[in-house]
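In: Sequence and predicted model, in that order:
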Amino acid sequence: MLSHLLHLEGVESVVVEHRSREYVTHRVRAGVLEQGTVELLHASGLGGRLQREGLVHEGIELRFGRRRHRIAFRDLAGGRTITIYGQQKVVEDLIAARVESGGALYFAASEVRVSGVDTSPRIRFAHAGKEVEVACDFVAGCDGTHGICRTLLPKDTTYVYVHEYPFAWTGVLAAVAPSTDELIYASHDTGFALHSMRSPEVSRLYLQCSPADRLEDWSDDRIWDELHRRLETSDGWTLKEGPIIEKSVTTIRSVVVEPMQHGRLFLAGDAAHVVPPTGAKGLNLALADVRELARALIGWYRTRDSRQLDRYTHDRLERVWQVQHFSSWMTAMLHPVPNDPSGIHRRLQKGELTYLASSRAAQASLAERYVGLASAT
Ligand SMILES: Cc1cc2nc3c(=O)[nH]c(=O)nc-3n(C[C@H](O)[C@H](O)[C@H](O)COP(=O)(O)OP(=O)(O)OC[C@H]3O[C@@H](n4cnc5c(N)ncnc54)[C@H](O)[C@@H]3O)c2cc1C
C-alpha cells in the first residue's frame, strides 16, 4: 500500500518480500475493513473488486446467556459501516496495481539485510540466484511481527511493550454459507466464539482455546460441537456446518514498539505493533500507518522538510494506543479467563455485557471505535 501511494505521487520505491507471490495471496488472515480503510482503497484507485465483492455490514451481534443483542453501526456511528473483504484479496489487488505500474517488486527474496539506517540505508538480498543491492533514501519496515526491521532500532532507546493473553484462538475456514448476515461475537462460560465470513459461500469461525493447544487437539467434530455450544441461542438460531478447509491456532498478544522510527528507518503495521484480533484492527491500523507515512515521505520529497517525518512516531502512537486499548477491552470483556476460581471475573464480564446490551451510550462507544474513529483510520 505504501509503495502504491508513493507511486501515485511519483515517488519511486522497491518492494522486497521474502515469501512467494503464491504464498502471500493464499495467506488467510484479517477480513474486516473499517470505513476509512475502504475510503483509502477507493481513493487510491483500488476499489473496483472491493465494490463488487465486499460485503457491507451495518452492525454486529453480541451473544451471551443464549440471547442476541445487535449493535447497529449505521445508527450509532453516524452512518459509518464496515466491509467484509479478505486480506488476501486486498493483497492481490495491491500486487496487481504494483505490477501494472511497472514498479520494482521482488517476491521470494532471501537473506534480506538492511544497513546504514542512520544516514544512508542499503538493502541487500538474494533473488533468483543473484545478489541485489538497493541504495535508498528511506527504509519502511513493513515486515510484520517476525520481520528484521524492528531489530534495527537501537536497543538502549527503544522500548517494546508486550502483553501475552492467557488464551489463543483456533480459527477455521469452512466451505459453508454463513449462518448469519453479520458478525457474531459470543461470550459463553466455556469461552469466546466469533462467527464471521469471507464470502457468501465461505464462513470464518474462531474459538477461544488455550495457548498450549495444538491443531491436533481440535478435531473437526470438537470444533463444531464447541461452536454450537457457544453460539446457539434460545430462540432457535442454529449454526450451519460444512467441510473445514483451513485450520490454525493463533496466540493473542499486545505489542507496541516505541519509538516507531530511527534515522531513516520507519516501522509500520505489525512490525511496530500487534493488537489482539478481537477488535479486527490489525490490518486497518497497518494501512493507517502507511497512509500517514506516505504523506510524510511525499512531503519530504516535495520540500525536503523533515518535520512531518520527525513527528511520525508521535502522530501514530496516539492512535496506536487508542486502538490497542479498544482491542484489549473487547478481548477482556468477551473471553472468560482460564483461572477464575471464585468466578468473580466471569460475573464482572456478565455485568459489563448486560450494561452494554441495555445502554445506547455504551453501544455507541463500541460502534464508533469498531467502524474506526474518523480521524484515526
Ligand atoms: C493467523 C492470523 C489471523 C489474523 N486475523 C486477523 C483478523 O481477523 N483481523 C485483523 O484485523 N487482523 C488479523 N490479523 C492481523 C493482520 O493480519 C495483521 O495486523 C496485518 O497483516 C498487518 O499487516 P502488515 O503489512 O504490517 O504485516 P504482514 O501482513 O505480516 O506483512 C509483512 C510481510 O513482510 C514479510 N517479511 C517478513 N520478514 C521479512 C524479511 N526479512 N524480508 C522481507 N519480507 C519479510 C512477510 O512475509 C509478510 O508478507 C491476523 C494475523 C494472523 C497471523
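Out: Noted; the coordinates are in hand.
In: Quick check: residues of the stretch 201-350 of the chain near the ligand?
Out: In this structure, the stretch 201-350 of the chain approaches the ligand at residues Ser248, Thr250, Gly269, Asp270, Ala271, Pro277, Ala280, Lys281, Gly282, Leu283, Ala286, judged by C-beta under 6 Å from any ligand atom. Heads up, the C-betas are built off the backbone N, CA and C, glycines and all.
In: Tell me who's in contact with the fifth one.
Out: The reference is to Ala271. Taking C-beta atoms under 8 Å, 6 or more residues apart in numbering, we find Ala271 in contact with Gly141, Cys142, Asp143, Gly144, Thr145, Gly147, Cys149, Arg150, Val257.
In: Any of the residues you listed buried? List them.
Out: For those, a burial check counting by 16 or more other C-beta atoms under 10 Å picks out Gly141, Cys142, Asp143, Gly147, Cys149, Arg150, Val257.
In: got these as CSV, with secondary structure columns?
Out: Rendered in CSV, the data for those read as follows (DSSP: H, G, I helix; E, B strand; the rest coil):
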residue, secondary structure
Gly141, strand
Cys142, coil
Asp143, coil
Gly147, coil
Cys149, helix
Arg150, helix
Val257, strand
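In: which among those residues gets closest to Thr331?
Out: Ranking those by separation from Thr331, with C-beta to C-beta as the measure, puts Val257 on top at 20.0 Å.
In: List the contacts of the residue positioned nearest the centre of the chain.
Out: Most central residue of the chain, judged by C-alpha distance to the mean C-alpha position with C-alpha atoms, centre = their mean, is Gly282 at 2.1 Å. Applying C-beta under 8 Å, 6+ apart to Gly282 gives the contacts Arg29, Ala30, Gly269, Asp270, Val274, Val275.
In: would you list those residues in a markdown table and tack on secondary structure, neighbour count and distance to Asp315?
Out: A markdown table is the format used below for the contacts of Gly282 (DSSP: H, G, I helix; E, B strand; the rest coil; neighbours: other C-beta atoms under 10 Å; distance: C-beta to C-beta, whole Å):
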| residue | secondary structure | neighbour count | distance to Asp315 |
| --- | --- | --- | --- |
| Arg29 | coil | 14 | 26 |
| Ala30 | coil | 18 | 23 |
| Gly269 | helix | 25 | 15 |
| Asp270 | helix | 21 | 19 |
| Val274 | strand | 23 | 20 |
| Val275 | coil | 27 | 18 |
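In: Closest one to the ligand out of the residues you listed, please.
Out: When these are compared for distance to the ligand, the smallest value, 2.1 Å, is given by Gly269; criterion: C-beta to the nearest ligand atom.
In: Quick check: that closest one touching Leu285?
Out: Yes. Distance between Gly269 and Leu285: 7.2 Å, which falls inside the contact criterion (C-beta atoms under 8 Å).
In: which residues sit in contact with the closest residue to Asp93 other than its chain neighbours?
Out: Counting by C-beta to C-beta, 6 or more residues apart in numbering, Leu46 is the residue found nearest to Asp93 once chain neighbours are left out, at 5.1 Å. When contacts are counted by C-beta under 8 Å, 6+ apart, Leu46 touches His4, Val90, Asp93, Leu94, Ala97.
In: Report the buried members of the residues you listed.
Out: The neighbour-count test (16+ other C-beta under 10 Å) marks His4, Val90, Asp93, Leu94, Ala97 as buried among the contacts of Leu46.
In: ok so, going back, tell me the one of the buried ones among the contacts of Ala271 nearest Arg80?
Out: When those are compared for distance to Arg80 (C-beta to C-beta), Cys142 comes out closest, at 26.5 Å.
In: what are the phi and psi angles of that closest one?
Out: Backbone torsions of Cys142, given as degrees, to the nearest 10, read phi -110, psi 40.
In: My understanding was that it contacts Phe266; is that so?
Out: No. At 9.1 Å, Cys142 does not count as touching Phe266 under the criterion of C-beta under 8 Å.
In: Would you tell me which residues of the stretch 1-150 of the chain are close to the ligand?
Out: Contact residues (C-beta under 6 Å from any ligand atom) of the stretch 1-150 of the chain with the ligand: 16-19, 24, 29-32, 87, 109, 112, 142-144, 146-148.
In: Filter the residues you listed down to the ones in helices?
Out: Those of these mapping onto helices are Val24, Gln87, per DSSP state H.
In: Provide a list of residues in contact with Ala128.
Out: Ala108.
In: How confident is the prediction for it, by pLDDT?
Out: With respect to pLDDT, Ala128 has a value of 96.
In: before we move on, what about Ala72?
Out: The model's pLDDT for Ala72 equals 97.
In: Count residues in the vicinity of it, would you?
Out: Close neighbours of Ala72, defined as other C-beta atoms under 10 Å, add up to 15.
In: Now do the contacts for it.
Out: When contacts are counted by C-beta under 8 Å, 6+ apart, Ala72 touches Glu58, Gly59, Gln363, Ala367.
In: Distance check, the first one against Leu356.
Out: So the one you mean is Glu58. Glu58 sits 18 Å away from Leu356 when distances are taken as C-beta to C-beta, to the nearest Å.
In: just Gly54 next, same as before
Out: Applying C-beta to C-beta, the value for Gly54 to Leu356 is 27 Å.
In: same thing with Ala294?
Out: According to C-beta to C-beta, Ala294 and Leu356 sit 37 Å apart.
In: what about the two, which has more around it?
Out: The residue with the greater number of neighbours, taking Ala294 and Leu356 and applying other C-beta under 10 Å, is Ala294; the counts read 24 against 18.
In: so what pLDDT did Arg29 get?
Out: What the model reports as pLDDT for Arg29 is 85.
In: cool, the one 10 residues further on as well?
Out: In this prediction, Glu39 carries a pLDDT score of 96.
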